[in-house]
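Enquirer: Build me a structure from this.
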Amino acid sequence: MSDKTMTAEEAVSRLESGMTLGIGGWGSRRKPMALVRALLRSDVGDLTVVSYGGPDVGMLAAAGRIRRLVTAFVTLDSIPLEPHYRAARERGAFELTEVDEAMFMWGLRAAAHRMPFLPVRAGLGSDVMRVNPGLRTVTSPYEDGETFVAMPALRLDVALVHVNRADRLGNGQYLGPDPYFDDLFCEAADAAYVSCERVVDTAELTKEAAPQSLLLKRHTVTGVVEAPNGAHFTSCAPDYGRDEAFQKRYATTAWPQFAARYLAGDERAYQSAVGEER
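Expert: Okay, the predicted model is just below:
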């Protein structure tokens, strides 16, 4: 066992252009935005991004860092369609693989178990098969003879996720209502970097919540980044909700202006700019 704490910049320094990058969270909820902002300050690009998309995808798409996107949706939740993602997609900035939400989860699960695919009913009878002609079906070898979609594994080079608490060893805890499959992202990846609101001693993790809230196990985590307010402007319940005013500003501001205002400096400069505008 070792101390896995590092800075966001140190975590991003281990990423390389051309990687397949999984980003946890869901829509505009508990996204590892401090890590995404650090990534945007680097020169890493040409990425295959795998995400239940929110502003993480919107920002990376607007910055031209995505070569291929694998997703079930890209939304800001209270704003149904992520506008910077939409603009990038409309100009053909990247390749898109769009699948059903359950298919996406099964792809992560297959990767987590190091299986080439897993059978799933989701997607059958829909246009998912038409718009993804590379997908295949499999027939049950048992007497039922049922046909399933063979969802290929979504293997990741790196995963980025955000949780409420973590210890220095890499155990991660969520305190909100939903795990958002962040454990599967980490298990599906060769390396996983976890940002958290607060690093605590291991014994403190089970004082705040039940052991079942220990979502991430240390053997699946490569690095831990303490990043207070690190999911901003997405929510990180119960620590804070989504910053709706800032999200609206993000959604209605042209990307070059937004990037110049909020991404020109380091994370401390970002948080200071956010604080000044409240």
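Enquirer: so what pLDDT did residue 208 get?
Expert: On pLDDT, residue 208 comes in at 77.
Enquirer: Contacts only, for it.
Expert: Shown in contact with residue 208 (Cβ atoms under 8 Å, 6 or more residues apart in numbering): 165, 173, 175. C-beta here means a position set from N, CA and C on the backbone, and glycine is covered the same way.
Enquirer: Save those residues as a markdown table, and put in pLDDT too.
Expert: A markdown table is the format used below for these (pLDDT from 0 to 100):
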| residue | pLDDT |
| --- | --- |
| 165 | 98 |
| 173 | 98 |
| 175 | 97 |
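Enquirer: How much space separates the residue nearest to residue 149 when sequence neighbours are not counted from residue 107?
Expert: Nearest residue to residue 149 in three dimensions, chain neighbours excluded: residue 123, at 4.5 Å (Cβ to Cβ, 6 or more residues apart in numbering). Going from residue 123 to residue 107 by Cβ to Cβ, to the nearest Å gives 11 Å.
Enquirer: More neighbours: which of those two?
Expert: residue 107 (25 against 20; other Cβ atoms under 10 Å).
Enquirer: That one falls within a helix, correct?
Expert: Yes - remark: residue 107 belongs to a helix, assigned using DSSP: H, G, I helix; E, B strand; the rest coil.
Enquirer: now it: how far from residue 156?
Expert: Applying Cβ to Cβ to residue 107 and residue 156 gives a distance of 10 Å.
Enquirer: ditto for residue 196
Expert: Relative to residue 156, and taking Cβ to Cβ, residue 196 is found at 20 Å.
Enquirer: Could you do residue 36 as well?
Expert: Note on residue 36: its distance to residue 156, by Cβ to Cβ, is 15 Å.
Enquirer: what about residue 18, helix or strand, and which?
Expert: Counting by DSSP states H and E, there is no helix or strand that carries residue 18.
Enquirer: what residues are up against the closest residue to it other than its chain neighbours?
Expert: Leaving out its chain neighbours, the residue that sits closest to residue 18 by Cβ to Cβ, 6+ apart is residue 46, at 4.9 Å. With contact taken as Cβ under 8 Å, 6+ apart, residue 46 is in contact with 17, 18, 65, 67.
Enquirer: All the strands of the stretch 151-278 of the chain, in order from the start?
Expert: Along the stretch 151-278 of the chain, counting by DSSP state E, counting those that start in this stretch, strands occupy 156-166, 172-173, 189-199, 214-216, 223-226.
Enquirer: Can I get those strands in JSON lines including distance to residue 117 and mean neighbour count?
Expert: Output for the strands of the stretch 151-278 of the chain, formatted as JSON lines (distance: least, Cβ to Cβ, whole Å; neighbours: other Cβ atoms under 10 Å):
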{"stretch": "strand 156-166", "distance to residue 117": "16", "mean neighbour count": "27"}
{"stretch": "strand 172-173", "distance to residue 117": "28", "mean neighbour count": "27"}
{"stretch": "strand 189-199", "distance to residue 117": "18", "mean neighbour count": "23"}
{"stretch": "strand 214-216", "distance to residue 117": "25", "mean neighbour count": "23"}
{"stretch": "strand 223-226", "distance to residue 117": "29", "mean neighbour count": "23"}
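Enquirer: can you redo those as TSV with distance to residue 278?
Expert: Shown next, in TSV, are these (distance: least, Cβ to Cβ, whole Å):
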stretch	distance to residue 278
strand 156-166	21
strand 172-173	28
strand 189-199	18
strand 214-216	30
strand 223-226	22
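Enquirer: between those strands, which gets nearest to residue 238?
Expert: Ranking the strands of the stretch 151-278 of the chain by proximity to residue 238 (Cβ to Cβ) places strand 156-166 first, at 7.9 Å.
Enquirer: residues of the worst-scoring helix or strand of the chain on mean pLDDT that come out buried?
Expert: When each helix and strand of the chain is scored by mean pLDDT, DSSP states H and E, helix 202-208 comes last, with a mean of 91. Of the residues in helix 202-208, those buried by neighbour count under the rule 16 or more other Cβ atoms under 10 Å are residue 205.
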